[in-house]
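Student: Here is a sequence together with a model predicted from it:
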Amino acid sequence: MRGLRITAGIVAGLLVLVAACGLALWLGGGPVLAWALEHPVSAAIGRQISVDGPLRVRWGYSSHIVAENIRVANASWGSKKDMFSARRLEFDVFLSGLLRGKIDTQDIRLEHAQLLLETSREGQHNWDVALSGAAPQHRHQFPKLRHLAAEESELTFRNGETGAVTDLGIDNLDIAAPQPQSPIKIALTGSLQKQPIRLAGTIGALADLRDASKPYPVKLDGTLGRSRVTIDGTLGEPLDVAGVDARLSLDHARLAEIGTMLGVPIPELPVLRGTARLSGGEGKWGLSALTVAFGHSDLEGGIAIDTTGKVPALRANLTARTVDLRDFNGVYGGKPTTDAQPGPAPRNGLIIPDTPLDTSKLPGVNADLTFDATRIESTGGAPLERISLGLQLKDGELNIAPLRFETARGDVDFKLHYTPFTRTTPPRLHATVDIRHVDLHKLLGGPGQPEMLRETAGIVGGYAKIVGTGVSLRQLLSDMNGEAGIFMENGRISQLLEQGVPLDLLGALGVYVSGDKPVPINCLMGRFEIKNGIAAISTLLLDTAATIVTGDGSINFPSETFLVTLKPYNKHFTLVAVRAPVDVHGTFAKPTYDFRRGPLMKRLGQALGLGVLFPPAALVPLVDTGLGENNACHKVLPAKTNPNHPAEGSSAPR
């Protein structure tokens, strides 16, 4: 934001030095001016000025000067040799004004110019030269300039403390102020951080700029990348771009592109439209009365951005009436569904997404976000309600605590801590999830759901505690360690389950019942120990009216394969329906199953309930947490820890 003042200072310094050499110029013209710039002027500013091409002067009331291949050396610690260079610098100047100490230029034109502004690691400025005081310090000191034009030029700012680089490419820039009382017209086409930009509009007259008694009007309209931007307001201190009070409007905006331009990493979101009041300046900005709509979501609130530190700092307090989670696919590296852009097709039969999130950008901003929403629409099922989110991002470490919401009469509590890649450690994720008393029928029984899900019911609870490394969902799942559990009571599965699971498999397990009634499930318990991306089943039990099914096996996330053995046991002796163990295996994309054919008497022995393995006692408090006390799963827990367990001699298996 200092570019206007710095550029004006550079121009002013050069022109003042030209005036000091006036006598020599009258005597010798262009060659003498070139000599003066390369020797006494260079010595005066402490930087070498080189004129490698011809320098021509046409004297008159308004003198015309043309210099080709002119360069100004950078500071000794600079990242490049030259601070400023131009293939052609052309300007008209009123020497009579310079002799009176006033800068009055008719016209300045630059071709193929490059201006590098940078700071050192210690905070030194490469624009601090001996004549820095020539720069205007107040509005009324701004030099009179009738016309400024630049073609095929570039302005670069490099922060030596952080290494951040901001690059403004100028295809064409035209600033015209034909009369001191006329509004100044601005037209710019070029690029910012390699993204195309176009700006056009008017700002206050030169007389208004030099009048510090009133705010300076600005009205600009253009595009940043593919985003349409309008700014209409005033500047209190135009030279510092400070005291901003303006209305900002965005239409068809893409925040990821704008974030790239501003150096603030933002995930890809659907195109949005919104308005806000923009205030602040000198690197500290505020957006108040913010209203944004994108996809099927809306946001309101305020945002404060501070770019004066080593990295930008962002604080936001946002609320929403409705948020559609499909609009936030870009947060984990996907494509927002409302963009109608297909994502990459699965490769090698694998279905878990491997699209990386650009975590290298996380250290580029510090953020503190609070968010509350009334309703969040998920990709299916009941909406999430009463959302509360706290997010902190500092020095690249992301912390989400809390993320709480209600859904289907239940509660979900989520916490996450993510540490990005360092020289000694890979990116690491710590996450915990706590699910309590979620009603499956309310969650999946809505009118928009497939018919086979509408009759599904049950109260569900569970938990997960995992640690993983990686920058994509596939990498995190393939490296995770921890444990997880899922519990359900008083459930039922629709009779249309047969559409997704073969009848002979359901029959072998004893969970298929003919007719139009759903299959009742008294209790489902599953617990998994996870190591290096492989989830080993430590407990798996399904209790129905007729059978108990136990299971063991593992799920391999790196290879997306699994092998689970399900063993059914009749609760009552019967020869009509003898159950058979089943191996369910294959890949996530293409599962299959096989029956274990063993001796009939062995299967009859299983039908009598011999050898049923019950869940460990340690599972009791976890089940109670997820489902509540006195839940239906108590009936199949061990008798020594559960007084409600059937006594010896009952018909239920032991």
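Tutor: Sure thing, it's come through. Residues are numbered from 1 along each chain as shown.
Student: all helices of the stretch 201-350 of the chain, in order?
Tutor: 206-209, 255-262 (DSSP state H, counting those that start in this stretch).
Student: Asn570 is nearest to which of those?
Tutor: helix 255-262 (58.2 Å; CB to CB). The C-beta positions use only the backbone N, C-alpha and C, and glycine is treated the same way.
Student: Domain parsing of this protein, as residue ranges.
Tutor: Domain ranges of the chain: 1-194+204-209, 426-636, per automatic domain parsing.
Student: Could you export those domains as TSV, including distance to Ile305, mean pLDDT and mean neighbour count?
Tutor: Converted to TSV, those look like this (distance: least, CB to CB, whole Å; pLDDT from 0 to 100; neighbours: other CB atoms under 10 Å):
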stretch	distance to Ile305	mean pLDDT	mean neighbour count
domain 1-194+204-209	12	78	17
domain 426-636	26	77	17
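Student: Adding distance to Tyr418, write the ones you listed out as CSV.
Tutor: As requested, the domains of the chain are arranged in CSV below (distance: least, CB to CB, whole Å):
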stretch, distance to Tyr418
domain 1-194+204-209, 21
domain 426-636, 5
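Student: what about those domains, which gets the closest to Ala253?
Tutor: Short answer: domain 1-194+204-209, nearest of the domains of the chain by CB to CB, at 14.5 Å.
Student: Just the terminal-to-terminal distance for stretch 112-128.
Tutor: Using CA to CA, to the nearest Å, the end-to-end distance of stretch 112-128 comes to 24 Å.
Student: Return the distance of that stretch from the chain's centre.
Tutor: Centroid displacement of stretch 112-128 relative to its chain, using CA atoms, centre = their mean, to the nearest Å, is 30 Å.
Student: can you check stretch 478-495 too?
Tutor: For stretch 478-495, the gap between its own C-alpha mean and the chain's C-alpha mean amounts to 30 Å (CA atoms, centre = their mean).
Student: Does Pro40 belong to a helix, a strand or coil?
Tutor: Under DSSP: H, G, I helix; E, B strand; the rest coil, the three-state class of Pro40 is helix.
Student: tell me which element the closest residue to Asn399 other than its chain neighbours is part of?
Tutor: Distances taken as CB to CB, 6 or more residues apart in numbering place Gln392 nearest to Asn399, at 4.7 Å, with adjacent residues excluded. Following DSSP states H and E, one finds Gln392 within strand 384-394.
Student: Pull out the buried positions in that strand.
Tutor: Residues of strand 384-394 classed as buried by neighbour count (16 or more other CB atoms under 10 Å): Leu384, Ile387, Leu389, Leu391, Leu393.
Student: Lowest-confidence entry in those?
Tutor: pLDDT across those is lowest for Leu384, at 74.
Student: So that residue is in contact with Thr374, correct?
Tutor: No: contact criterion CB atoms under 8 Å: Leu384 and Thr374 do not qualify, at 10.0 Å.
Student: coming back round to it: correct me, but the residue nearest to Asn399 touches Thr370?
Tutor: No: Gln392 lies out of contact with Thr370 (CB under 8 Å); the separation is 9.9 Å.
Student: Can you lay out the helices of the stretch 201-350 of the chain as CSV showing distance to Arg56?
Tutor: Below are those laid out as CSV (distance: least, CB to CB, whole Å):
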stretch, distance to Arg56
helix 206-209, 28
helix 255-262, 39
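Student: can you tell me which of the ones you listed comes nearest to Arg226?
Tutor: It's helix 255-262; of the helices of the stretch 201-350 of the chain, that one is closest to Arg226 (CB to CB) at 6.7 Å.
Student: avg pLDDT for that closest one?
Tutor: Mean predicted confidence for helix 255-262 is 71.
Student: which helices and strands does that helix pack with?
Tutor: Judged by 3 or more CB pairs under 8 Å, 6 or more residues apart in numbering; DSSP states H and E, the packing partners of helix 255-262 are strand 195-203, strand 216-224.
Student: returning to what we had before: which ones are touching the residue nearest to Asn399?
Tutor: By CB atoms under 8 Å, 6 or more residues apart in numbering, the contact list for Gln392 reads Ala367, Asp368, Leu369, Leu398, Asn399, Ala401.
Student: swap the cut-off to 10 Å and go again
Tutor: Asn366, Ala367, Asp368, Leu369, Thr370, Leu398, Asn399, Ile400, Ala401, His417 (CB atoms under 10 Å, 6 or more residues apart in numbering).
Student: Likewise for Glu38?
Tutor: Glu38 sits in contact with Gln48, Ile49, Ser50, Val51, Ile70, where contact means CB under 10 Å, 6+ apart.
Student: Reformat these as TSV; add secondary structure and distance to Gly236.
Tutor: Shown next, in TSV, are those (DSSP: H, G, I helix; E, B strand; the rest coil; distance: CB to CB, whole Å):
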residue	secondary structure	distance to Gly236
Gln48	coil	38
Ile49	strand	35
Ser50	strand	40
Val51	strand	40
Ile70	strand	35
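Student: just to revisit the earlier point, the residue nearest to Asn399 bridge partners, please.
Tutor: Asp368, Asn399 (DSSP bridges).
Student: Which pLDDT does the model give it?
Tutor: Residue-level confidence at Gln392 comes out at 92, pLDDT.
Student: how near is it to Ser249?
Tutor: 30 Å (CB to CB, to the nearest Å).
Student: Give me the distance from stretch 243-257 to the chain's centre.
Tutor: That offset, for stretch 243-257, works out to 17 Å (CA atoms, centre = their mean).
Student: Partner strands of the helix or strand that contains Leu540 and their direction?
Tutor: Following DSSP H and E, one finds Leu540 within strand 534-544. Next to strand 534-544 in the sheet, as set by DSSP bridges, lie strand 519-531 (antiparallel), strand 547-556 (antiparallel).
Student: So which residues of the stretch 51-200 of the chain form helices?
Tutor: Using DSSP H, counting those that start in this stretch, helices in the stretch 51-200 of the chain cover 95-99.
Student: Quick one: the strands in the stretch 351-500 of the chain, in order.
Tutor: 366-377, 384-394, 397-407, 410-419, 428-439, 457-469, 481-493 (DSSP state E, counting those that start in this stretch).
Student: tell me which residues of the shortest one are tucked away?
Tutor: Neighbour counts over strand 410-419 (16+ other CB under 10 Å) mark Gly410, Val412, Asp413, Phe414, Lys415, His417, Tyr418, Thr419 as buried.
Student: so Ala408 touches Thr456, yeah?
Tutor: No: using CB atoms under 10 Å, Ala408 is not in contact with Thr456; the gap is 11.7 Å.
Student: quick one: common contacting residues for the two?
Tutor: Listed contacts common to Ala408 and Thr456 are Leu440, His441, Leu443, Leu444, Gly445; contacts here mean CB under 10 Å, 6+ apart.
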